[in-house]
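Student: Next comes the sequence, and after it the predicted model I'd like to discuss.
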Amino acid sequence: MTGPKSWLIQERFRHYVVEHITQVFANIPQFADLPVVLMANHIASCVIGNASWWLMAGCPYSAEYMARLTHTMSITGVMALVGRLDAVILPSPNIWQQLQSGGLLQEQSGAIKA
């Protein structure tokens with residue numbers, strides 16, 4: 001995501017993510033008093049940033065692993081900032097080790113694959 005048109009792709013993707021998240025959060029009464037657009041932008045930034053890093057780093061982890069990690073980090077951050085961390089259902093603390101020991105991590109060309 002470093003080509004001459006990468007900014008356009010990232011902005012279109014950001015717009016899509018923000019619109020989708022804003023619509024989802026707008027239908028949840030407990031989020032009615034929160035800055036939903038700001039929260040949606042945080043999540044979009046996390047997704048785009050992690051996806052860009054992942055692609056530029058040569059995809060060192062599986063797409064599933066990255067999706068799980070990114071989702072957990074972005075949602076937890078939003079909920080913690082607005083004081084609603086109690087509404088988040090976090091994966092068990094050892095989920096990442098379970099994913100690794102379950103054969104999802106593989107050594108391949110010197111890179112770790114999740």
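Tutor: Ah, there it is.
Student: Where does residue 3 sit: helix, strand or coil?
Tutor: coil (DSSP: H, G, I helix; E, B strand; the rest coil).
Student: Report how many residues lie close to it.
Tutor: Residues near residue 3, counting by other C-beta atoms under 10 Å, number 8. For glycine as for every other residue, the C-beta is placed from the backbone atoms N, C-alpha and C.
Student: okay, it: pLDDT?
Tutor: Looking at residue 3, its pLDDT stands at 72.
Student: distance of it from residue 63?
Tutor: 21 Å (C-beta to C-beta, to the nearest Å).
Student: One more: residue 26?
Tutor: 28 Å.
Student: Could you find the closest non-adjacent residue to the residue most central in space within the chain?
Tutor: Nearest residue to the geometric centre of the chain (C-alpha atoms, centre = their mean): residue 70, 2.8 Å. Nearest residue to residue 70 in three dimensions, chain neighbours excluded: residue 50, at 4.6 Å (C-beta to C-beta, 6 or more residues apart in numbering).
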